Each structure stands twice: as structure tokens, then as C-alpha cells.
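Sequence first, predicted model second:
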Number of protein chains: 2
Amino acid sequence: MEKVHYTYQDIHRTAKDIAGRVKASGFAPDIIVAIGSGGFIPARILRTFLGKPILAVGVAYYDDQDRPTELPRTVQWIEEAERKLAGKRILLVDEVDDSRTTLEYCIRELMRHRPAEIAVAVLHDKLKEKRGVIPPEVSRYFAGEKIEDRWVCYPWDAEDIDEHDAARLAEGKAAGAS
Amino acid sequence: MEKVHYTYQDIHRTAKDIAGRVKASGFAPDIIVAIGSGGFIPARILRTFLGKPILAVGVAYYDDQDRPTELPRTVQWIEEAERKLAGKRILLVDEVDDSRTTLEYCIRELMRHRPAEIAVAVLHDKLKEKRGVIPPEVSRYFAGEKIEDRWVCYPWDAEDIDEHDAARLAEGKAAGAS
């Protein structure tokens, strides 16, 4: 599969753009929920522009014996969740909407805590058939960019950040980044 | 106070350097614990090089009515912590060791879960008098860089990432970054 690279600067600009659209939409989150570990970096940047605290949740696709699992399982959830999330407006953040399975799982878990509203923000939404669905209770969905179904290389996964940035430069505008 | 800027690339290289030193020290963490929200980005980059899952904890210096507090309080802690942390080797991660108060608070909380070992990693350790202490039970302390007591500007806090990077460039080697 063809690769596409994003620099940290691309990610920062995309998160800023998402934050602007969140504000323009009239949605004022009380809290940001980051899906770990991919959502940690976009959530932290969104926090700069939205000024709201972050709670983290972790889901994994391996079991306690490191065997791969078909369905996600919870690695970390939110303590005292009822108190923290009931009646709150949540912005759920992840890096990429790929198969949509993780998003659906997290949304359904969050809905059990009876928030006032759930919106979703992802840096990138892959234009492909999805296995998961965004439940109708989700009021808003913000995608930084809609992208082709490529192998996305995020800067935080780079073994060598200079080589990563050089690869992005070589892709140029074809990367789809502004 | 004089400012010092770090780019995302500086941070990525510093985290990679820390990971190399963690490995060289013989410390093999089972789990990374990120102190939110400052530790989210360094922890996520460390994960790339150490290959271990991240749990997040949140501490805040404001109360439920948004009034500032002198001492940190827990915003998020680790569910089923006994099961997750007992007997484990933990690498606790934050962005900067400033007054050391947050680190001490988190270390003492983690110690209650009886881990096998706790090590600490921070991107930057400020050379200044500390209000908190690193308890002697902490086996190892990794600081990406020891820096003067300046106003540290992290890239994830940048309103404009291009201006931020330009400010870093203007500081040049004086920033203390490699």
C-alpha cells in the first residue's frame, strides 16, 4: 500500500483547523477524551486551542497473553466515570478513522455514562468501507482531512524524524496536507 | 523570564535519546505511565522506541470550581491499578521537572500500588531549587536535558507553529537542543 507521511507541523495545523471548526459549530466541549495511544498527541494539541482537560482511555487489540484479538478490549477506562462524564459534552479524539471499530467501541462505552453530548474528532478519515458505525447519538463528527486509503505514517512513529520529514517533503502536495 | 523554544523535532530526538539511555541502563519497563497532559506527547514518542503500552494519569492544580489549589489533586487515576501495576516496572513520564511537586505526588501514588520498580523520565530537568523530592525508591531518573530555569515553550502549546519554529531557529544553539 502506498504510504503518506505527515509531519508534526502538519498535525499541529490540522488539529488547529479542527479546533476552529469545533468552535464555529457551536459545540463547546467540557472535556476531551483521548483514545490511547494514537489520540494522545492530537488531543494534547486540541487542548491548546480548546482549553479543556483531557481524560485518556486505552483500548487494545491483544489480550493479557499478547495474543491478537478481533475485538477491542479496554486497557484503561475512566475512574469515577459517572461523576466525571454524566451530563458533560465530550469531544472524543483519535488520530485516524480507519475501520471505525475502535471509535464505535469507545462511543458505545462513553454513552453508558450518560453524557449530554458526544462529538468525535479525528485527524484523518480514510475514504473506505467501514466495519464500525458512528451511532446516531453522536451529534457531530470532525475530520481534519478525508484521505485515500493509504498507509499513514505519523511523525510520532518515526524511527528517524529527519528521514520522516524528508519523505513528507518528497511526497509534496500529493500528501494531501495543506 | 527568558523563553526557550523546542520544536517537535527537538522533542522527538530528545525522547529517542532518553529511550536509548533507558535501554542502555538495563531498565526494561513493562508499562509507561504518562502524566497528563504534559506527559502525553513525550510518552507517546517513547512508546515508539520502547514498545510498551501507556497508561495515563491526570493531576490538576485547580479544584472542581476551577479555583487554583496549592497541592495537586488527581483528575484521573488508573483503574484496577493493583492488578495492572503490582509487580510491574514502571517508567513514569512527564515533559518537565520544574518544582518536582507533580512528580513526587505521582511517584508516591504509584508506590501505593507496589510496583517492582519505578523509574522517571522527563524531557527537561530545570536546574533550580526543587520543592518536591524524588523518593529514594525511584531506581533511575532520566532527564533528556538539564536546562537553565527559563520559560519553556513546547510546540504543542504554540498558537502558530510556524512562528514557534521561527522563534526556535532564532534562538539557535542557545536553546540547548542538539
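Looks like it arrived, so ask away.

so where do the strands sit in chain A?
A:3-5, A:31-36, A:54-62, A:68-76, A:89-97, A:117-126, A:138-147, A:151-153 (DSSP state E).

Contact residues of chain A facing chain B?
Where chain A comes near chain B, counting by C-beta under 8 Å from any C-beta of the partner chain, the residues are A:7-9, A:12-13, A:16, A:34, A:36-37, A:40-41, A:43-45, A:47-48, A:53-56, A:58, A:60, A:75-79, A:155-159, A:161-162, A:165. Where you see a C-beta, it was placed from the backbone N, CA and C, and this is true even at glycine.

related to what we said a few turns ago, weakest of the strands of chain A by average pLDDT?
Among those, strand A:68-76 carries the lowest mean pLDDT, at a mean of 77.

ok so, going back, may I see the strands of chain A organised as TSV, with mean neighbour count added?
Output for the strands of chain A, formatted as TSV (neighbours: other C-beta atoms under 10 Å in any protein chain shown):
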stretch	mean neighbour count
strand A:3-5	18
strand A:31-36	24
strand A:54-62	20
strand A:68-76	13
strand A:89-97	24
strand A:117-126	23
strand A:138-147	17
strand A:151-153	14
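
Quick one: list the elements packing against the longest helix anywhere in chain A.
Determined from DSSP state H, the single longest helix within chain A is helix A:8-24. Packing partners of helix A:8-24 (3 or more C-beta pairs under 8 Å, 6 or more residues apart in numbering or on different chains; DSSP states H and E): helix A:40-50, strand A:117-126, strand A:138-147, helix B:8-25, helix B:161-171.

number of nearby residues for A:P53?
Other residues near A:P53 come to 18 when the count uses other C-beta atoms under 10 Å in any protein chain shown.

Contact partners for it?
By C-beta atoms under 8 Å, 6 or more residues apart in numbering or on different chains, A:P53 lies in contact with A:31-32, A:47, B:37, B:58, B:60, B:75.

For B:V93, which of the helices and strands packed on helix A:8-24 is the nearest?
B:V93 sits nearest to helix B:8-25 of all those, at 8.9 Å, using C-beta to C-beta.

Buried residues, that closest one. List them.
For helix B:8-25, the neighbour count (16 or more other C-beta atoms under 10 Å in any protein chain shown) marks B:8-19, B:22 as buried.

Relative to A:L169, which of those is nearest.
Checking the buried residues of helix B:8-25 against A:L169 with C-beta to C-beta, the nearest one is B:Q9 at 13.1 Å.

so what pLDDT did A:I161 get?
98.

That one against A:A167, yeah?
No: when contacts are counted by C-beta atoms under 8 Å, A:I161 is not listed as touching A:A167 (10.6 Å).

mind checking how far A:I107 is from chain B?
To chain B, A:I107 is 19 Å away according to C-beta to the nearest C-beta, to the nearest Å.

no, scratch that, I was asking about A:V59
11 Å.

and what of A:P135?
24 Å.

A:K23 too?
For A:K23 relative to chain B (C-beta to the nearest C-beta), the value is 14 Å.

so who does that residue touch?
A:L50.

re earlier: out of the strands of chain A, which is closest to B:I90?
Closest to B:I90 of the strands of chain A is strand A:68-76 (C-beta to C-beta; 14.0 Å).

Would you mind pulling up the elements that that closest one packs against?
Right, strand A:68-76 is packed against strand A:54-62, helix A:101-111, strand B:54-62 by 3+ C-beta pairs under 8 Å, 6+ apart.

hmm, 7 Å instead?
Packing partners of strand A:68-76 (3 or more C-beta pairs under 7 Å, 6 or more residues apart in numbering or on different chains; DSSP states H and E): strand A:54-62, helix A:101-111.

Can I get those in CSV including distance to B:Y141?
Formatted as CSV, the helices and strands packed on strand A:68-76 follow (distance: least, C-beta to C-beta, whole Å):
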stretch, distance to B:Y141
strand A:54-62, 24
helix A:101-111, 35
